[in-house]
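>>> Any chance you could fold what I've pasted below:
(one chain, ligands or ions: 2)
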Amino acid sequence: MTIAVLGAGAFGTALAISLAQRGPVLLWARDAAQVAEMRESRRNDRRLPGAVLPEVLTVTDRIEDAAGCDIVLLGVPMQKMGGFLSENAGLLDGKVLVSCSKGIDLATGRGSVALIEAACPGALAAVLTGPSFAADIARGLPTALTLACRTDAPDLQARLSTPTLRLYRTTDTIGAELGGALKNVIAIAAGVVIGANLGDSARAALMTRGFAEMNRLAMKLGARPETLMGLSGFGDLVLTCTSLQSRNFRYGIALGSGSAFDPGVTVEGAATARAVTGLARDHGLEMPIAAMIAALCAQKISVADAVTALLSRPLKEE
Ligand SMILES: NC(=O)C1=CN([C@@H]2O[C@H](COP(=O)(O)OP(=O)(O)OC[C@H]3O[C@@H](n4cnc5c(N)ncnc54)[C@H](OP(=O)(O)O)[C@@H]3O)[C@@H](O)[C@H]2O)C=CC1
Ligand SMILES: O=C(CO)COP(=O)(O)O
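Ligands and ions are numbered 1, 2, ... in the order given. As a prediction, the model looks like this:
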């Protein structure tokens, strides 16, 4: 049975290319002109320049074509996920729906599993997350990801693993999706540190204290510590805070250095920082780094004032 990937962004396209090593894959994009161009060129120059689409990968703008697929990967950005699921619930309910997005929905404070379960109660919801740049996956470089599903899902793990994409599975969907969502906020913060020339030592401190914040919220919401220590938390945090391939990190560098940044680029951490401050407030948690990033993204505070505010917090035990 064909696997469908909905959303021909960088990540959806890369996953479709990797999965095509195992058999037919359907890749859906909403824009008919983009689909025509991709069929003609066998590339996705809009979202993943340079990658070649294998012949067993079919590109379509007819979302109904996914009806014949039992496994459907969702590659639309997080803040579009809720609307997308409601619009297409009739088609998607009853299927295995694997969210590949990283973030917290601002409108509801939910992660993607809760969004899927609300819109498509008959579906089996899963999350695919972890350290993986689309360009690396598309080039066939080795990558390891976490597949999280409330029901233990070794069959799904086997179906979505490829010779270059090694999947580890867990039933801790909360931990897996929070790890992927929260590391983007800390990656923006790490970028700010580098962009403002505060140094590698400050970045390491920021990553460590950011990881403490990630754990604080994730544990409060029911995640398991080992999930945050794994690929979807620690692994992705390290990748995204240290690589210029990361859009969240680059956005942070732009904020820190006062440079312009293309608003068309997907930067999930900005909306997630806002969502996190709401969740932290609701749960009585202190998340000072996330709060500073939300304020910086909203241009409510300067970089200098954000640094001063973080450094002047009361001294405490680690
Ligand atoms: N890129 C990466 O390396 C990785 C990305 N991710 C995650 O994957 C998710 C998607 O990111 P990525 O693929 O990079 O993003 P891109 O910016 O490359 O692409 C976003 C895609 O979503 C489509 N889209 C946007 N809104 C809608 C909508 N309402 N309905 C249908 N399609 C829509 C866009 O279509 P259009 O072109 O028509 O606007 C585009 O194809 C994010 O949550 C990201 O964190 C995870 C791991 C790695
Ligand atoms: O999640 C990612 C790598 O694991 C991609 O990070 P960016 O969205 O910051 O590019």
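
>>> Could you use CA atoms for every contact and neighbour count after this?
Fine.

>>> Can I get stretch 11-30 in PDB, CA atoms only?
Included here for stretch 11-30 are C-alpha records, laid out as PDB according to Å, rounded to 0.1, in the frame of the first residue of the first chain:
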ATOM      1  CA  PHE A  11      10.500  18.000   5.200                       C
ATOM      2  CA  GLY A  12       7.600  16.300   3.500                       C
ATOM      3  CA  THR A  13       9.500  16.100   0.300                       C
ATOM      4  CA  ALA A  14      12.600  14.800   2.000                       C
ATOM      5  CA  LEU A  15      10.700  12.100   3.800                       C
ATOM      6  CA  ALA A  16       8.900  11.100   0.600                       C
ATOM      7  CA  ILE A  17      12.200  10.800  -1.200                       C
ATOM      8  CA  SER A  18      13.600   8.600   1.600                       C
ATOM      9  CA  LEU A  19      10.400   6.400   1.800                       C
ATOM     10  CA  ALA A  20      10.500   5.900  -1.900                       C
ATOM     11  CA  GLN A  21      13.600   3.700  -1.300                       C
ATOM     12  CA  ARG A  22      11.000   1.200   0.000                       C
ATOM     13  CA  GLY A  23       8.200   1.500  -2.500                       C
ATOM     14  CA  PRO A  24       5.600   3.900  -4.000                       C
ATOM     15  CA  VAL A  25       4.900   7.200  -2.300                       C
ATOM     16  CA  LEU A  26       2.400   9.800  -2.900                       C
ATOM     17  CA  LEU A  27       3.400  13.500  -2.300                       C
ATOM     18  CA  TRP A  28       0.600  16.000  -2.200                       C
ATOM     19  CA  ALA A  29       1.000  19.800  -2.600                       C
ATOM     20  CA  ARG A  30      -1.800  22.300  -2.500                       C
END
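
>>> In terms of helices and strands, where is residue 209?
In the assignment (DSSP states H and E), residue 209 maps to helix 200-220.

>>> Counting by contacts, list what that helix packs against.
helix 173-195, helix 225-228, helix 236-242 (3 or more CA pairs under 8 Å, 6 or more residues apart in numbering; DSSP states H and E).

>>> Ligand 2: which of these is closest?
Go through the helices and strands packed on helix 200-220 one by one with CA to the nearest ligand atom and the one that ends up closest to ligand 2 is helix 236-242, at 5.3 Å.

>>> And the average pLDDT for that closest one is what?
The predicted model gives helix 236-242 an average pLDDT of 98.

>>> How about stretch 178-185?
When pLDDT is averaged over stretch 178-185, the result is 98.

>>> Does ligand 1 have contacts with that stretch?
No: in this structure, stretch 178-185 remains apart from ligand 1 according to CA under 6 Å from any ligand atom; the gap is never smaller than 7.7 Å.

>>> Please state the offset of that stretch from the chain centre?
Distance, stretch centre to chain centre, for stretch 178-185: 7 Å (CA atoms, centre = their mean, to the nearest Å).

>>> Same question for stretch 285-293.
Using CA atoms, centre = their mean, the offset of stretch 285-293 from its chain centre is 20 Å.

>>> coming back round to it: list the buried residues of the helix holding residue 209.
Of the residues in helix 200-220, those scored as buried under the neighbour-count criterion (16 or more other CA atoms under 10 Å) are 203-204, 206-211, 213-219.

>>> and it with helix 173-195, angle?
With axes from the mean of the first three to the mean of the last three CA atoms, to 10 degrees as the basis, helix 200-220 and helix 173-195 are set at 160 degrees to each other.

>>> Which residues does helix 200-220 contact?
For helix 200-220, the external contacting residues (CA atoms under 8 Å, 6 or more residues apart in numbering) are 174-175, 178-179, 182-183, 186, 189-190, 193-194, 224-225, 228, 234, 237-238, 241, 280, 283, 285-287, 289.

>>> Please save the CA atoms from it in PDB.
The C-alpha trace of helix 200-220 is given here as PDB (Å, rounded to 0.1, in the frame of the first residue of the first chain):
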ATOM      1  CA  ASP A 200      30.200  29.900  22.600                       C
ATOM      2  CA  SER A 201      30.300  29.600  26.400                       C
ATOM      3  CA  ALA A 202      27.100  31.600  26.700                       C
ATOM      4  CA  ARG A 203      25.500  29.400  24.100                       C
ATOM      5  CA  ALA A 204      26.400  26.300  26.000                       C
ATOM      6  CA  ALA A 205      25.000  27.800  29.200                       C
ATOM      7  CA  LEU A 206      21.800  28.800  27.400                       C
ATOM      8  CA  MET A 207      21.400  25.300  25.800                       C
ATOM      9  CA  THR A 208      21.800  23.700  29.300                       C
ATOM     10  CA  ARG A 209      19.400  26.100  31.100                       C
ATOM     11  CA  GLY A 210      17.000  25.800  28.100                       C
ATOM     12  CA  PHE A 211      17.100  22.100  28.400                       C
ATOM     13  CA  ALA A 212      16.200  22.500  32.000                       C
ATOM     14  CA  GLU A 213      13.200  24.600  31.000                       C
ATOM     15  CA  MET A 214      12.200  22.000  28.300                       C
ATOM     16  CA  ASN A 215      12.200  19.300  31.000                       C
ATOM     17  CA  ARG A 216      10.300  21.400  33.500                       C
ATOM     18  CA  LEU A 217       7.300  21.900  31.200                       C
ATOM     19  CA  ALA A 218       7.500  18.400  29.600                       C
ATOM     20  CA  MET A 219       7.500  16.700  33.000                       C
ATOM     21  CA  LYS A 220       4.600  18.900  34.200                       C
END
